[in-house]
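In: sequence and predicted structure below; questions after.
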Amino acid sequence: MRDKIVFIGVGNMGLPMAKNLVKKGKKVKVFDISHQVLNKAKKENLEVSKNFNDLFDNDVNFVISMLPEGKNSEKVYLGQNGVIKKVTKKCLLIDCSTIDMKTSIKIGNFAKKKSISMIDAPVSGGVMGATNATLNIMVGGTKSAFNKALPILKIMGKKIFHAGNIGAGNGAKICNNLALGISMIAASESLMLAKRLKIDLKKVHEIMKNASGNSWPISVYPPVPGLIDGTPSNNKYKPGFSTAMMTKDLKLANKISKSINAKNPLGKKALQIYEKFCKEGYSNSDFSAISKLIGDDIWDYPIKKK
């Protein structure tokens, strides 16, 4: 019998993740509050439901969600008509949303009281990773829930990590994106400096990839075009991971740092920089477009505002 999966939230990330599950023979029914998103999913030959209540029956093995914020996850799972009230004890809940740890733990503990297994499993890798099934997935939950989810997670991602108990997946993701947001600004500063110095950017990029200045934004996801094919910088910064989403994650990092008195001077400054970029109208551009803010006076790359 095929696994029967409900997938909630099929936007830029959720849609390719759901498609990869279908490609591997899983029976997937999808839902989104956006009719436009659902129509797109239907055109991609996914089975859609326009009614949340019609998603569930006793044969559902997994519920996967990919939602924008903690309040969305809380409503979907714990609301008056929420998921936890609709699934059986054999169903495993997988929230791939990047949200605050407190909300992840709250939802997970509520599910536990109902004898329902749940993991938080936020992902890293952007739309490219979701499309190519090369996402990094960070999981919080019991070892048994992790093992049960692993075959499903391996369809959507390449590297799967068990970070610890429920909430640890989102904690690890927040730490990761704190470093990512900061390092994207550093990569932008370095490459914009090279441009001002009139040094060949391709040569500087090659040197940095093989020297101590290397980072993921340098080697995989450079913030300026002409360096690596297929990156947002070569496609008018169409978002694989938007500036708005990076800003949201940096807010999560700053909030949790403050709650435990952790020092994060670079995290605070990075948040200010991305917030400024959002205010200038670039919230829907890929976060790598931050290089425009760093090198605004020499900017000559195509980019679309919202």
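Out: That came in fine, so what should we check first?

In: so where do the helices sit in the stretch 51-200 of the chain?
Out: Secondary structure of the stretch 51-200 of the chain (DSSP state H, counting those that start in this stretch): helices at 70-78, 101-113, 126-132, 143-156, 168-196.

In: lowest-confidence stretch among the ones you listed?
Out: If you rank those by mean pLDDT, helix 126-132 sits at the bottom with a mean of 92.

In: remind me what that helix packs against, helices and strands.
Out: With contacts defined as 3 or more Cβ pairs under 8 Å, 6 or more residues apart in numbering; DSSP states H and E, helix 126-132 has these neighbours: helix 14-23. In short, each C-beta sits where N, CA and C put it, glycine included.

In: what does the helix it packs on contact?
Out: 5, 7-8, 10, 28, 30, 32, 37, 40-41, 44-46, 64, 66, 96, 123, 127, 130-131, 133, 135, 152, 155-156 (Cβ atoms under 8 Å, 6 or more residues apart in numbering).

In: got the helices of the stretch 51-200 of the chain as JSON lines, with distance to S242 and mean neighbour count columns?
Out: Shown next, in JSON lines, are the helices of the stretch 51-200 of the chain (distance: least, Cβ to Cβ, whole Å; neighbours: other Cβ atoms under 10 Å):
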{"stretch": "helix 70-78", "distance to S242": "16", "mean neighbour count": "20"}
{"stretch": "helix 101-113", "distance to S242": "21", "mean neighbour count": "19"}
{"stretch": "helix 126-132", "distance to S242": "10", "mean neighbour count": "20"}
{"stretch": "helix 143-156", "distance to S242": "20", "mean neighbour count": "17"}
{"stretch": "helix 168-196", "distance to S242": "12", "mean neighbour count": "21"}
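
In: dump those into a markdown table; add distance to N254 as well.
Out: A markdown table is the format used below for these (distance: least, Cβ to Cβ, whole Å):
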| stretch | distance to N254 |
| --- | --- |
| helix 70-78 | 15 |
| helix 101-113 | 14 |
| helix 126-132 | 22 |
| helix 143-156 | 29 |
| helix 168-196 | 8 |
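
In: would you tell me which of those helices gets closest to K89?
Out: K89 lies closest to helix 101-113 among the helices of the stretch 51-200 of the chain, at 10.0 Å (Cβ to Cβ).

In: what segments of the chain are strands?
Out: 4-8, 27-31, 47-48, 62-65, 92-95, 117-120, 123-124, 135-140, 157-164 (DSSP state E).

In: okay, the angle between the last one and strand 135-140?
Out: Compare the direction of strand 157-164 with that of strand 135-140 by axes from the mean of the first three to the mean of the last three Cα atoms, to 10 degrees and you get 20 degrees.

In: just the second one next, same as before
Out: Comparing the axes of strand 27-31 and strand 135-140 via the same axes, to 10 degrees yields an angle of 80 degrees.

In: dump strand 27-31 to CSV, restricted to CA.
Out: Extracted C-alpha coordinates of strand 27-31, given in CSV (Å, rounded to 0.1, in the frame of the first residue of the first chain):
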residue,chain,number,x,y,z
LYS,A,27,0.0,9.4,-3.0
VAL,A,28,-0.1,13.2,-2.2
LYS,A,29,-3.0,15.5,-1.7
VAL,A,30,-2.1,19.2,-1.3
PHE,A,31,-3.8,22.2,0.2
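
In: tell me which strands that strand pairs with, and in which orientation.
Out: strand 4-8 (parallel), strand 47-48 (parallel) (DSSP bridges).
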